[in-house]
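Visitor: What follows is a predicted structure for the sequence shown.
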Amino acid sequence: MKIVVFANGIRGNLVCRRINHTDHKILSIVTPKANSHFFSNIKTESEIIEAKDINNDEFILRLEKLNPDIFLVAGFSIILSSKLLSIPKIASLNLHAGKLPKYRGGSPLNWQLINGEIKAGLSLIILDKGIDTGNILVQDEFTILDNDDIKDLHSKANSLFPELTLKALNKIKKGYRGVPQDESKALYWHQRNDNDGEINFKTLKAIEANRFIRALTHPYPGAWAYLGNKKIRFFRASITKERIKGVPGRIVFIQGKGPYIICLYYAILIEEYSIEGD
């Protein structure tokens with residue numbers, strides 16, 4: 001099949017490289033401006049397009065001329081208009097790093113880690129007018145280990161998506177069009193930003209605070225809180241064997257070890273942090 005890939009970053013690169021080792025053909029890769037370097041090693045029938053506005057008439061006409069069978073969205077955050085979605089002869093597909101329909105919307109890997117999921121889900125769906133509402137073609141999942149942070153989750157998801165994509169493409173080629181989602185189980189989650197990163201140790205158990213920090217660490221800006229008028233960013237913490245209790249929010253050192261921060265139940269050891277302005 002002839003495919004136009006809307007891609008960004010490592011996930012898009014790995015998926016494109018996998019497609020290049022099949023009989024499917026990538027006509028073109030559409031990527032956000034200044035991101036084309038991610039795809040310099042990908043073979044395409046046409047050029048790599050750096051697009052600022054994918055929904056204007058000029059760009060739509062450009063893609064119509066390619067006459068694609070499939071649009072494939074891999075790590076690309078700009079929403080495709082109905083007019084754009086009408087171009088492919090077969091379907092438009094989206095790689096979503098969340099189990100659907102429970103994790104529709106933005107930042108699905110971050111939310112799954114924050115929420116204490118034991119397994120993270122991945123879904124590949126047919127795009128429609130809704131937000132992550134299309135028919136499910138294939139799904140997969142992987143275990144979230146106790147010390148996994150958001151980097152680990154992205155790495156695991158990116159390692160699984162190429163084969164998941166190939167499986168979906170081969171099903172589509174045979175006429176499969178997926179199964180509808182169960183709307184009674186649908187939940188939407190908003191796209192997270194740095195304003196959502198404030199951590200309140202007084203209301204979170206130690207295990208919850210630790211998950212929150214792991215979900216927002218590098219490459220994200222990190223969970224944060226104020227100490228006086230200074231903002232502290234937290235990047236790594238752990239739950240130790242020592243069970244420490246006291247006033248939630250209090251910073252303590254025990255025999256020179258620390259800092260510990262008392263949470264609603266027990267304390268966590270802060271292992272990596274930064275003080276903004278220092």
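Guide: All right, it came through fine.
Visitor: How far away from the center of its chain is the helix or strand harbouring residue 110?
Guide: Under the criterion of DSSP states H and E, residue 110 resides in helix 108-114. Distance, stretch centre to chain centre, for helix 108-114: 8 Å (Cα atoms, centre = their mean, to the nearest Å).
Visitor: Show the average pLDDT along the helix or strand just after that helix.
Guide: Moving toward the C-terminus from helix 108-114, the next helix or strand (DSSP H and E) is strand 119-126. Averaging pLDDT along strand 119-126 gives 98.
Visitor: Remind me what strand 119-126 packs against, helices and strands.
Guide: Under the contact criterion of 3 or more Cβ pairs under 8 Å, 6 or more residues apart in numbering; DSSP states H and E, strand 119-126 touches strand 91-96, helix 108-114, strand 136-143, helix 150-173. Every C-beta, even on glycine, is put in place using the N, C-alpha and C of the backbone.
Visitor: coming back round to it: using CSV, write down the CA coordinates of the helix holding residue 110.
Guide: In CSV, the C-alpha atoms belonging to helix 108-114 read as follows (Å, rounded to 0.1, in the frame of the first residue of the first chain):
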residue,chain,number,x,y,z
PRO,A,108,-1.7,8.9,27.9
LEU,A,109,1.6,7.4,29.1
ASN,A,110,2.1,10.0,31.8
TRP,A,111,-1.5,9.5,33.0
GLN,A,112,-1.1,5.7,33.1
LEU,A,113,2.0,6.0,35.3
ILE,A,114,0.4,8.6,37.6
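Visitor: Tell me which other helices or strands it touches.
Guide: Against helix 108-114 (3+ Cβ pairs under 8 Å, 6+ apart) you get strand 119-126, helix 150-173, helix 206-216.
Visitor: on that earlier part again, take the helices and strands packed on strand 119-126 and lay them out in a markdown table including distance to residue 67, mean pLDDT and mean neighbour count.
Guide: Shown next, in a markdown table, are the helices and strands packed on strand 119-126 (distance: least, Cβ to Cβ, whole Å; pLDDT from 0 to 100; neighbours: other Cβ atoms under 10 Å):
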| stretch | distance to residue 67 | mean pLDDT | mean neighbour count |
| --- | --- | --- | --- |
| strand 91-96 | 15 | 96 | 22 |
| helix 108-114 | 33 | 98 | 22 |
| strand 136-143 | 22 | 98 | 17 |
| helix 150-173 | 17 | 97 | 18 |
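Visitor: Out of those, which gets nearest to residue 261?
Guide: Of all those, helix 108-114 sits nearest to residue 261, with 17.7 Å by Cβ to Cβ.
Visitor: what does the closest one rub up against?
Guide: 96-99, 103, 120-121, 144, 148-150, 153-154, 157, 189, 192, 211-212, 214-216, 220 (Cβ atoms under 8 Å, 6 or more residues apart in numbering).
Visitor: Kindly report the same for stretch 164-175.
Guide: Here stretch 164-175 has contacts from 1, 3, 15, 18-19, 22, 24, 70, 72, 74, 90-91, 93, 95, 122, 124, 137-138, 140, using Cβ under 8 Å, 6+ apart.
Visitor: coming back round to it: do you know which of the helices and strands packed on helix 108-114 lies nearest residue 8?
Guide: helix 150-173 (12.0 Å).
Visitor: What angle do strand 136-143 and the closest one make with each other?
Guide: 150 degrees (axes from the mean of the first three to the mean of the last three Cα atoms, to 10 degrees).
Visitor: and the next element down the chain from helix 150-173?
Guide: By DSSP H and E, the next helix or strand past helix 150-173 is strand 188-189.
Visitor: Give the partner strands of that following strand in its sheet and their orientations.
Guide: Take DSSP bridges as the rule and strand 188-189 pairs in its sheet with strand 104-105 (parallel).
Visitor: chain center to the strand it pairs with, what's the gap?
Guide: Strand 104-105 has its C-alpha centroid displaced from the chain centroid by 11 Å (Cα atoms, centre = their mean).
Visitor: Stretch 23-39 now?
Guide: 19 Å.
Visitor: Kindly reformat the helices and strands packed on strand 119-126 as a markdown table containing distance to residue 39.
Guide: Converted to a markdown table, the helices and strands packed on strand 119-126 look like this (distance: least, Cβ to Cβ, whole Å):
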| stretch | distance to residue 39 |
| --- | --- |
| strand 91-96 | 16 |
| helix 108-114 | 22 |
| strand 136-143 | 24 |
| helix 150-173 | 14 |
